[in-house]
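In: build me a structure from this.
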Amino acid sequence: MSFGAIAEDYDRLRPGPPEEAVDWLLPEHCQLAVDLAAGTGLLTRMLARKIGRVLRDGGRFGIIWAGRDPEVDWVREAGRQVMAATARPDDKGQADDEGAPRTRRREVRLPDPGPYGNVGTASFRFTRAMTISDLVDMLATYSGVITANPQDRAAGLAGARAMLEKRFPGAATIDVPMRAWCWRADRANRAPSAEVAQPGPDRGPGRAR
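Out: Numbering: from 1, shown residues only. I've put the predicted structure just below:
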């Protein structure tokens, strides 16, 4: 329920994926796509067998994460400013380059054996023009920041704002480097089901129609 308080900012500020990432995810001539909106991905790990059950043969299971590009130094530093102030004691020193706990790295664990093949990954860089205030507000939409105590949250966001204002003095907007990370796999064809032989009215037992 922590996201309820910032739902509008989340919808307004979090980046959607670029068009080329969506094109890469979808099969050619796709006519039906279902968005499961898996969020943290914890549910996806449980659904991955179930998704294979309902996908048509040759259907595609695709996952996409979109967010700040952690390979850009100042983007990484903004996240670290917030994380340093808001991380719980057992999380300190255990964050990735975006300021998220290491246990939430982007990965897909398929069931083994599973019904998927043709697994592929790709990433796509893009930018969003944002004011410094909007970028700081976006940093406030991550769960670790939302659930931190108010003093730590305010200190972390103030540190990020100060760093950004020093790097981009007087800027009306800045181009924020973003990246979409994509994963996809295709549903393998099911084995043909054997037809059950039944005797006809004028055939002997055990003789197929």
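In: okay, now residue 157: neighbour count?
Out: By the criterion of other CB atoms under 10 Å, residue 157 has 21 neighbours. The way it works is simple: take the backbone N, C-alpha and C, and place the C-beta from them, glycine included.
In: that one: which element?
Out: Per DSSP states H and E: residue 157 is located in helix 150-167.
In: which neighbouring elements make contact with that helix?
Out: Helices and strands touching helix 150-167, by 3 or more CB pairs under 8 Å, 6 or more residues apart in numbering; DSSP states H and E, are helix 73-86, helix 132-139, helix 143-146.
In: out of these, nearest to residue 24?
Out: Of all the helices and strands packed on helix 150-167, helix 73-86 sits nearest to residue 24, with 22.9 Å by CB to CB.
In: next SSE after the closest one?
Out: Next element after helix 73-86 (DSSP H and E): strand 116-130.
In: what's that next one in contact with?
Out: By CB atoms under 8 Å, 6 or more residues apart in numbering, the surrounding residues in contact with strand 116-130 are 13, 15, 17-18, 20-21, 24, 52, 61, 69, 110, 138, 173-188.
In: what residues of it count as buried?
Out: Judged by neighbour count (16 or more other CB atoms under 10 Å), strand 116-130 contains these buried residues: 116, 124, 126, 128, 130.
In: likewise for stretch 181-190?
Out: With burial defined by 16+ other CB under 10 Å, the residues of stretch 181-190 counted as buried are 181, 182, 183, 184, 185, 186, 187.
In: out of those, what pair is the most spread apart?
Out: Greatest spacing in the buried residues of stretch 181-190, by CB to CB: 181 and 187 (21.5 Å).
In: let's see which of the contacts of strand 116-130 end up in strands.
Out: Of the contacts of strand 116-130, the ones assigned to strands by DSSP state E are 61, 174-187.
In: now, which of these sits nearest residue 6?
Out: residue 176 (18.3 Å).
In: who are the contact partners of that closest one?
Out: For residue 176, the contact set (CB under 8 Å, 6+ apart) comprises 68, 75, 127, 128, 129, 130, 135.
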